[in-house]
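K.L.:
Pasted the sequence and its predicted model underneath.
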Amino acid sequence: MKNVLPLIVAGAALSTPALAEDLSVVGSWSSLPLHKQYEAPFWSTALPEASEGKINVELTTHNQMSLGLGDIYPLLGQGVYDVAMTVADYAVSDAPELEGLDVPLLALSADEARAMVDAARPMVADIYRDRFNSHVLAIAPYPPQVVFCNHEITNLADLEGLKVRASGRMTAKLLEALGAEGVNVSFSEVPGALQNGVVDCAVTGAGSGYSAGWWEVSTHLLPIPLGGWDSVVTAINMDKWNSLDADTQALIATQVTKGFEDPAWASAQDALVNDIACLTGNGDCPAGEARSMKLVEVSDADFDRAREILTSEVLPDWASRAGGDWAARWNDSVGKVVGVTIN
C-alpha cells in the first residue's frame with residue numbers, strides 16, 4: 001500500500017489541468033477605432049480562443065479607469081495590471097528618448113510608417129525594459145495626426161500666431177518653430193477648447209477626430225502629418241512576462257502580431273483616405289455620415305518648409321534632451337530607413 005499511494009498521487013497530479021493564466025489588460029481610448037476594431041476583439045475573444053482556454057483576459061481601458069495619461073506605463077511597471085497600451089507620446093516625460101519612435105513628417109504612407117516602427121523597435125524595447133519594467137508586445141498606429149482648425153487657414157504658414165494643441169512633445173516643438181503657440185490640452189478636452197477659443201487648432205488622427213466629433217467644433221482640415229502616426233505601444237509587465245512559460249510567451253507573441261498588430265497596420269492607409277472623406281465629404285464615408293469641413297490642400301512648399309524645420313531644429317533639440325547615444329542609435333536605425341541624419 002505504501003508503494004501504491006505515491007503512484008496514485010503522481011497520477012492525479014499529471015491528470016490535473018494546468019491553471020489558466022489571468023491577464024488584466026488596459027486598452028487605449030475606448031471610443032476610438034483602434035480599440036473598437038482591433039484591441040477589444042483581440043484581447044476579449046481572439047487570444048482566449050487561440051489559447052484554448054489557457055488564457056483569461058479581463059479588459060478595460062485607461063479612460064474607463066480614469067487613469068492619468070502619464071501614469072499608464074509607470075503603473076504597468078509596478079504591476080498594477082498586466083498589459084497596457086496607449087500612445088507612446090504620453091510617456092515621454094518619463095522617457096524623452098521615446099520621442100524618437102514617432103517623428104512627424106517622415107512617413108507619408110502606412111508602409112513607410114511601419115518601416116520606421118520596425119527600425120525603432122529594438123530601441124523601444126530597451127526603453128520599456130529600463131524605464132517601465134515592461135516587455136513590448138506590439139506597436140500599432142493611429143492614422144497620421146493632421147490639423148483641425150476652428151479658424152480660417154489656407155496653408156501651413158497660417159498657423160503662425162495661432163494656439164494649437166499638439167499630439168506630442170516633438171509636434172509641439174515643430175509647431176513652435178512654425179510660429180504657432182503650443183497648448184497642452186488632453187484629447188477629451190479638445191472639443192470644448194476649440195469651441196471656447198482656448199485653442200484655434202488641434203492635432204490628432206483624422207479618424208479619431210471624426211469619431212470624437214471634432215468636426216462639430218472645427219471648420220478647416222489641413223492633412224499634413226504634423227503629429228506623425230501616434231504610435232500605440234502594447235506592453236506587458238516584465239515580471240508577469242517572465243512568469244509565463246515559453247509556450248505561453250510564444251503563443252501571445254505570435255497571436256498579438258497576427259491578430260492585432262498586422263491587421264491594424266493593414267487598414268491604416270485606407271483609413272486615412274476614408275477618414276478625410278468622412279470629415280470633408282470629398283469621397284465616400286464608410287464609417288457613417290460625411291461631414292463638411294473645408295479641406296486645405298498641402299503644397300510642396302508647405303511640406304518642404306516643415307521638413308526643413310524638423311531636420312534643422314526639432315530633431316537636434318530632441319537629441320540634446322534624450323542625451324546619451326540615442327541620436328546615434330536613431331541615425332543607425334530609423335534614420336537609415338527615412339534617409340535623415342541628426343547632426
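P.N.:
Nice, thanks for sending it over. Numbering: from 1, shown residues only.
K.L.:
switch to C-alpha atoms for all contacts and neighbour counts from now on
P.N.:
Noted.
K.L.:
Which strands and helices lie in contact with the helix or strand containing residue 271?
P.N.:
In this structure, residue 271 sits in helix 262-280 according to DSSP states H and E. The elements that helix 262-280 packs onto, with contact taken as 3 or more CA pairs under 8 Å, 6 or more residues apart in numbering; DSSP states H and E, are helix 110-132, helix 206-211.
K.L.:
Tell me the helix or strand right after the first one.
P.N.:
If I follow you right, that is helix 110-132. Immediately after helix 110-132, counting by DSSP H and E, sits strand 134-140.
K.L.:
right, and the helix or strand after that next one?
P.N.:
strand 145-149.
K.L.:
Now tell me what touches the helix or strand that comes right after that following strand from outside.
P.N.:
The helix or strand immediately downstream of strand 145-149 is strand 163-165, counting by DSSP H and E. Strand 163-165 has contacts (CA atoms under 8 Å, 6 or more residues apart in numbering) with 172, 175, 180-185, 190, 198-203.
K.L.:
what do you get for stretch 250-264?
P.N.:
34, 38-39, 42, 46-47, 50-51, 137-141.
K.L.:
Can you mark which positions in whichever strand or helix holds residue 247 are buried?
P.N.:
Assigned by DSSP H and E, residue 247 belongs to helix 246-256. Within helix 246-256, the residues scored as buried using 16 or more other CA atoms under 10 Å are 248, 252, 255, 256.
K.L.:
Quick check: mean pLDDT of that helix?
P.N.:
Mean pLDDT, computed over helix 246-256, is 98.
K.L.:
CA atoms of that helix as CSV?
P.N.:
Coordinates of the C-alpha atoms in helix 246-256 are reproduced here as CSV (Å, rounded to 0.1, in the frame of the first residue of the first chain):
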residue,chain,number,x,y,z
ALA,A,246,7.9,29.6,-23.0
ASP,A,247,4.9,28.1,-24.9
THR,A,248,2.6,30.8,-23.4
GLN,A,249,5.0,33.6,-24.3
ALA,A,250,5.3,32.2,-27.9
LEU,A,251,1.5,32.0,-28.2
ILE,A,252,1.0,35.6,-27.0
ALA,A,253,3.8,36.9,-29.2
THR,A,254,2.5,35.2,-32.3
GLN,A,255,-1.1,36.0,-31.8
VAL,A,256,-0.6,39.6,-30.9
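K.L.:
which among the contacts of strand 163-165 end up buried?
P.N.:
Using 16+ other CA under 10 Å, the buried ones in the contacts of strand 163-165 are 172, 175, 180-185, 190, 198-203.
K.L.:
burial count for residue 233?
P.N.:
By other CA atoms under 10 Å, the residues close to residue 233 number 21.
K.L.:
Grab the nearest non-local neighbour of it.
P.N.:
residue 139 (4.5 Å; CA to CA, 6 or more residues apart in numbering).
K.L.:
now residue 218
P.N.:
residue 150 (4.0 Å).
K.L.:
What are the neighbouring residues in contact with the one you found?
P.N.:
Neighbours of residue 150 in contact, by CA under 8 Å, 6+ apart: 194, 195, 200, 201, 217, 218, 219, 220.
K.L.:
Wait, the first one touches residue 218, no?
P.N.:
Just to be clear, that refers to residue 194. Yes. Between residue 194 and residue 218 there is a contact under CA atoms under 8 Å: 7.0 Å.
K.L.:
out of the contacts of strand 163-165, who's nearest residue 107?
P.N.:
residue 203 (16.4 Å; CA to CA).
K.L.:
Tell me what the closest one is bridged to.
P.N.:
residue 147 (DSSP bridges).
K.L.:
still on that earlier bit, which two of the contacts of stretch 250-264 lie the greatest distance from each other?
P.N.:
So, those by CA to CA: farthest apart are 51 and 141, at 25.6 Å.
K.L.:
how about residue 93, secondary structure?
P.N.:
coil (DSSP: H, G, I helix; E, B strand; the rest coil).
K.L.:
scratch that, residue 64
P.N.:
coil.
K.L.:
neighbours around it, how many?
P.N.:
Residue 64: 12 neighbours (other CA under 10 Å).
K.L.:
again, but for residue 242
P.N.:
Residue 242 has 12 nearby residues by other CA under 10 Å.
K.L.:
ok, back up a step: can I assume the residue nearest to residue 233 is in contact with residue 232?
P.N.:
Yes. Using CA under 8 Å, residue 139 is in contact with residue 232, at 5.5 Å.
K.L.:
So the two - more neighbours on which side?
P.N.:
residue 139 (26 against 21).
K.L.:
Need the pLDDT of that one.
P.N.:
For residue 139, pLDDT reads 98.
K.L.:
got a list of what the closest residue to residue 238 other than its chain neighbours touches?
P.N.:
Setting aside the residues directly before and after it, residue 238 is nearest to residue 134 in space (CA to CA, 6+ apart), at 4.4 Å. By CA under 8 Å, 6+ apart, the contact set of residue 134 is 76, 77, 128, 235, 236, 237, 238, 239.
K.L.:
Look up which residues are beta-bridged to the fourth one.
P.N.:
With DSSP bridges applied, residue 235 shows beta-bridge pairing to residue 84, residue 136.
K.L.:
Appreciated, that's everything.
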